[in-house]
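Trainee: Next comes the sequence, and after it the predicted model I'd like to discuss.
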Amino acid sequence: MDKEIKVRIEKAEIPSILKDYFLRNYHVHLYLNESVLNEVEESYIEYDSLYEFDNAEFYSYVIADIKKQDKHEYFYHYIKKFLITI
């Protein structure tokens, strides 16, 4: 993983558990880029501001959806579909 994305992860407005996962996972660099990280951050901020939801379930959806991201053009719209059910 390059240094720029590591710095961006550390500065992201996402829970520390999710940051830790992104920084420690050896394969996340295959899926995570600036655009996807921005969408994860926007999703978290939006849902955290508007709803009470289970963070563990959010992490689970984010991690699963990031791995499927190559099959979906827009991660944000894909994750949003699942977050509505939380």
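Mentor: All right, it came through fine.
Trainee: could you show me where the helices are in the protein, in order?
Mentor: Remark: helices assigned in the chain by DSSP state H are 3-11, 16-24, 34-50, 55-68, 75-83.
Trainee: Format those as JSON lines; extra columns: mean neighbour count and mean pLDDT.
Mentor: Bear in mind the C-beta positions are built from the backbone N, C-alpha and C, glycine included. Shown next, in JSON lines, are the helices of the chain (neighbours: other CB atoms under 10 Å; pLDDT from 0 to 100):
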{"stretch": "helix 3-11", "mean neighbour count": "13", "mean pLDDT": "92"}
{"stretch": "helix 16-24", "mean neighbour count": "14", "mean pLDDT": "94"}
{"stretch": "helix 34-50", "mean neighbour count": "16", "mean pLDDT": "88"}
{"stretch": "helix 55-68", "mean neighbour count": "16", "mean pLDDT": "84"}
{"stretch": "helix 75-83", "mean neighbour count": "17", "mean pLDDT": "67"}
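Trainee: Without its sequence neighbours, what residue ends up closest to the most centrally placed residue in the chain?
Mentor: For the chain, the residue sitting closest to the mean C-alpha position, by CA atoms, centre = their mean, is Val40 at 3.5 Å. Nearest residue to Val40, sequence neighbours excluded (CB to CB, 6 or more residues apart in numbering): Val62, at 5.6 Å.
Trainee: One more: Lys19?
Mentor: Distances taken as CB to CB, 6+ apart place Ile9 nearest to Lys19, at 5.6 Å, with adjacent residues excluded.
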